[in-house]
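Undergrad: Here is my input, please return the structure:
(chains A and B)
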Amino acid sequence: MDKKITSLSIANPEPDNLRGVQKLSAGMGITGLFILCLALFNMNFAFKTVWLSLSIILILAGIIIYSIGTYKKLPEGIKNNGVYYKSISNKGVLGWGTGIVLTALYVFLYWFPEYLGMGKAGATNNGLVGFFDPLSYFLNGHAASQWFVYGTLYTMAIAGFGYKFILKYRHNKYQLVRTISVIFFQLGFAFLIPEILTKLNPTLPYFSKDIKNMWPLNYYFFEDWHLKGMLGGGNLGMFMLISGLAMIFIISPILTYYFGKRWYCSWVCGCGGLAETAGDPFRHLSSKKLAAWKFERWSIHSVLVFAVLTTIAVLYTFLGDKSNSVLVTRSQFTWGVAFFLSLVIATIFIFKRKDLDTDAKYTLASLGIIVTGTILFNFFSGRNNILFINSDQFRSWYGFVIGAAFSGVIGVGFYPLMGSRVWCRFGCPMAAILGLQQKLFSRFRITTNGGQCISCGNCSTYCEMGIDVRAYAQKGENIIRSSCVGCGVCAAVCPRGVLKLENADEKSRFIQHPVIIEKDSITLTGQVG
Amino acid sequence: MNKKKEHIVIIGNGISGITAARGIRKQTDHTITVISAESDYFFSRTALMYVYMGHMKFEHIEPYEKSFWQKNKIGLINAFVQKIETASKIINLDNGDSIPYDKLVIATGSRSNKFGWPGQDLKGVMGLYSKQDLEYLEQYTKNCKGAVIAGGGLIGIEMAEMLHSRKIPVTLLVREKSFWGNILPTAESAMINRHIKEHHIDLRLSTTLKEILSDPDGNARAVVTDKGETIGCQVVGLTAGVTPNIEFLQGSGIELGRGVKVNRWLETNIENVYAIGDCAEQHEPIDLRKPIEAVWYTGRIMGETVAQTICGKRTAYEPGPWFNSAKFLDIEYQTYGWVWAVPRKNEEQFYWEHPNGKIAIRISYHRETRTFLGINCFGIRMRHEFFNKVLADHLTVDTVIRNLKRANFDPEFYHTHEKEIRAAFEKNHSILTPANYG
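TA: Take a look at the predicted model:
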């Protein structure tokens, strides 16, 4: 969180001198954080509301004024000077320090919330969580939880650093619109609307009220307690259930077809939102090595298999419970899932056999394993056991390993060490599904502009997903990669205007632009159709 | 092509030499050896500036991972070639080794021009071309309070941007009366002048370097201009163009002019010896090009071409329609075809500039036939594919104006200026022929 400090560099031979405005604004932000620290260590504030407001205002104003002081005076353009000389953005002491603090924060959030002041078993909150009680009562009518504190800080980070990102890229309208979208969805859909809905419906059981947070990113969507919550949640519950299903099976495939997975990953998603805003100073730290790409394909598809099997196991158990009046039987469900997925596999195989690259093959293999697993469930499972493993255990392991450790601790805690998209790249099951579709059934691509590439490497370096964009651009090939989240930064940092994110006719994605392209027979001119 | 396995030696691991090596490897199983005294691995020369500015580390400007070379069986030797014995087909290296070759490709690029200025060999005085230049610059800007750059071309402005990014006050001496004035027409050149000043770079037009003054330890301490002014500085950039790097070929029997003389097939006067990239000099210029082209893109095309020839398909160097690109601080520049600073005979020019003074295009066309001749784009990205076709098919300027939307390559949501451009064009350059862009 301390991109406020840019000058404590070890490597920079001519460190920027913090100007007056920057010093002042950095001081404001640090004061705001300091108030939160005092709360964390149980300092009792007389007027909590005043102090909390002051802290929030100081942090946000600090970020905003600092951004203005940093970027507003400079002419519009790419602002990457000194990125590799700064301690914070080049894995220096500040980078490591930030990584450790963030990681610790996540460890406490997930496993030791009582140290943040979360009241155990209904006890009153104190500490940091207690400090946020006034805001929580105001928004949702309940005392705060560690997740409320987290959600508030998360939203502040996206909004504040989103503003910084907008100033930094103010010459680029794609970045402007995209960042406004990300801030809007976080502030409205993820934060304010769910809190207000909770306040308006105080008696309803808990269920997720964030429409855009869909399964399998929201891995508990199909868990029994969540389904029961929605089924018992009146009209709002039914709405969330139906819109959740519609998002997964109808809306997402349509949008991904027309715009690529970017409509979600870099325009709407909260994880992506944080990566694009607060995570922006770390985007270049993602590994571009071939070995990292190989690992990525294994790991993201393993998580996909794990996520889907866990969900199926949980639903299977849910359906076996007679107290849940649901119309579907276990065996109908398993065969239904097996049939649906087989249909997906068959469709891909019949129509897209030729276009399958390694990424897509991994996804297909994953789906195959899931089908087999599902059918095995039906034959070898008892009342609560799935393949002799308790489905609760399955679920709690997923929650622990993937939901908490991977997406939170590593996903955000390691921003300053491994780049801002570690989770999105190596772990997100949603990204795996959208990626398969982007690769095979989508109009999205990054077009390479003929022979203009000078192999400089800015595109690859600043790709947060670790795609070696240059490898395609210098050959004049379009970039059609399942992992691309369409942030558009490669196109922005390109000094020669070589890259453009485009949606156009699906087939034209694979047309090469052989102005001067490496072919067996040389084609120098006039090959344009 | 089941010929016997040959040893292809390439001197120089820049874009030309490496493109040639990769092209040869794709088609044959010949033994390939690339020799360079500059670096162990191929890097993008045009990106050196970004390393200095901290956008990237040196490893990021190397387009291939280290394993690539082994996997593709391209041998790399880091050594300096002292002598080529063309009669016995042997190369002598500075480390004492001798390497026999069957075919030899010379791709040694350029070195910075030094025009005999007094003080040009002082410490802190340098060109900006090689990896060593970058390291030297890094060393001499450690305690630098000011820098002067002599030469207002593409390398000059890059070097100014680099130093400026480290908060070093920069003075840029430009011989012409406007920046890059021998290439850019007045309006565009004026736009870049303004932009340079906007970045607080001290731009001195119509000013040349007279002398570099020394301190007692042999370091540069100031430059004297032709206007008699003395400007204090610790670093002096000499960026008045480049010249082929071919000194080591003296006495080898290979015909030399300013560069290595080659025919349209990139063959030298000696059989099985080729020259490509910056160091090659065509006997006869191709269309409107210069006989020596020190440009990334032409180097790459020459590399691809010579690879074909070496693999048994003798191919002439046919670079097709001219194109180039650059970036002046924050203003991107692309050009397709030819737009001359001073219009040539029968060349009509249309210029449009955005009120913000940072976006502009200039289109050249033939006054009588209205054939499109070329375009300069500033702050607007255009499709190479589109203009390549327009130029190859000799389409008209009117076709281009009508299809500007298709030609545009700016990111999504950008405000595009086709309407304003078209209106401006129709006002003074009215459309006569119907559109038939296919």
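
Undergrad: Quickly find the element holding A:Leu501.
TA: Assigned by DSSP states H and E, A:Leu501 belongs to strand A:499-503.

Undergrad: and the nearest residue to A:Gly151 once chain neighbours are set aside, what does it touch?
TA: Ranked by CB to CB, 6 or more residues apart in numbering or on different chains and with sequence neighbours excluded, the top spatial neighbour of A:Gly151 is A:Phe191, at 5.8 Å. C-betas here are computed from N, CA, C, even on glycine. Residues in contact with A:Phe191 (CB atoms under 8 Å, 6 or more residues apart in numbering or on different chains) are A:Gly151, A:Thr152, A:Thr155.

Undergrad: could you redo the last one with a cut-off of 10 Å?
TA: A:Leu139, A:Phe148, A:Gly151, A:Thr152, A:Tyr154, A:Thr155, A:Met156, A:Ile158, A:Ala159, A:Phe185, A:Asp210, A:Gly270 (CB atoms under 10 Å, 6 or more residues apart in numbering or on different chains).

Undergrad: Pick out the lowest-pLDDT one from those.
TA: Within those, the minimum per-residue pLDDT falls on A:Asp210 (90).

Undergrad: which ones are touching that residue?
TA: Neighbour list for A:Asp210: A:151, A:185-186, A:188-191, A:193-194, A:197, A:218, A:240, A:244, A:270 [criterion: CB under 10 Å, 6+ apart].

Undergrad: Backbone dihedrals for the residue nearest to the spatial centre of chain B, please?
TA: Nearest to the geometric centre of chain B sits B:Val295, at 3.2 Å (CA atoms, centre = their mean). Dihedral angles of B:Val295 (phi, psi; degrees, to the nearest 10) stand at phi -130, psi 140.

Undergrad: tell me which residues form a beta bridge with the residue nearest to it when sequence neighbours are not counted?
TA: In this structure, B:Val295 finds its nearest non-sequential neighbour in B:Asn324, 6.1 Å apart by CB to CB, 6+ apart. Beta-bridge partners for B:Asn324, by DSSP bridges, are B:Thr335.

Undergrad: Please look at B:Asn324 and B:Ala294 and confirm they touch.
TA: No: judged on CB atoms under 10 Å, B:Asn324 makes no contact with B:Ala294 at a distance of 11.1 Å.

Undergrad: Find the residues that touch each one of the two.
TA: Common contacts of B:Asn324 and B:Ala294 (CB under 10 Å, 6+ apart): B:Leu154.

Undergrad: What separation is there between A:Leu54 and A:Met28?
TA: Distance, A:Leu54 to A:Met28, by CB to CB, to the nearest Å: 10 Å.

Undergrad: Looking at the two, which one has more neighbours?
TA: Each of A:Leu54 and A:Met28 has its neighbours counted (other CB atoms under 10 Å in any protein chain shown); A:Met28 has more, 21 against 15.

Undergrad: Determine the number of other residues adjacent to A:Tyr85.
TA: For A:Tyr85, the neighbour count with other CB under 10 Å is 21.

Undergrad: Averaged pLDDT, stretch A:474-483. What do you get?
TA: Per-residue pLDDT over stretch A:474-483 has a mean of 92.

Undergrad: end to end, how far does it reach?
TA: Taking CA to CA, to the nearest Å, stretch A:474-483 runs 20 Å from one end to the other.

Undergrad: how about low-confidence regions in chain B?
TA: B:1-3, B:431-438 (pLDDT under 70).

Undergrad: Mind naming the longest helix for it?
TA: helix B:296-310 (DSSP state H).

Undergrad: can you dump the C-alpha coordinates of that helix into PDB?
TA: C-alpha atoms of helix B:296-310 as PDB (Å, rounded to 0.1, in the frame of the first residue of the first chain):
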ATOM      1  CA  TRP B 296      15.800  -2.000 -37.900                       C
ATOM      2  CA  TYR B 297      13.200  -3.100 -40.400                       C
ATOM      3  CA  THR B 298      15.400  -3.100 -43.500                       C
ATOM      4  CA  GLY B 299      18.000  -5.100 -41.500                       C
ATOM      5  CA  ARG B 300      15.400  -7.700 -40.700                       C
ATOM      6  CA  ILE B 301      14.300  -7.900 -44.300                       C
ATOM      7  CA  MET B 302      17.900  -8.300 -45.500                       C
ATOM      8  CA  GLY B 303      18.400 -11.000 -42.900                       C
ATOM      9  CA  GLU B 304      15.400 -12.900 -44.200                       C
ATOM     10  CA  THR B 305      16.500 -12.400 -47.800                       C
ATOM     11  CA  VAL B 306      20.000 -13.600 -47.400                       C
ATOM     12  CA  ALA B 307      18.800 -16.700 -45.600                       C
ATOM     13  CA  GLN B 308      16.800 -17.600 -48.600                       C
ATOM     14  CA  THR B 309      19.800 -17.200 -50.900                       C
ATOM     15  CA  ILE B 310      22.100 -19.200 -48.600                       C
END
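
Undergrad: quick one: that helix near chain A?
TA: Yes: using CB under 10 Å from any CB of the partner chain, helix B:296-310 reaches chain A at B:Trp296, B:Tyr297, B:Thr298, B:Arg300, B:Ile301, B:Glu304, B:Thr305, B:Ala307, B:Gln308.

Undergrad: does the second one really touch B:Pro321, like I thought?
TA: In this case it means B:Tyr297. No: using CB under 10 Å, B:Tyr297 makes no contact with B:Pro321, being 11.2 Å away.
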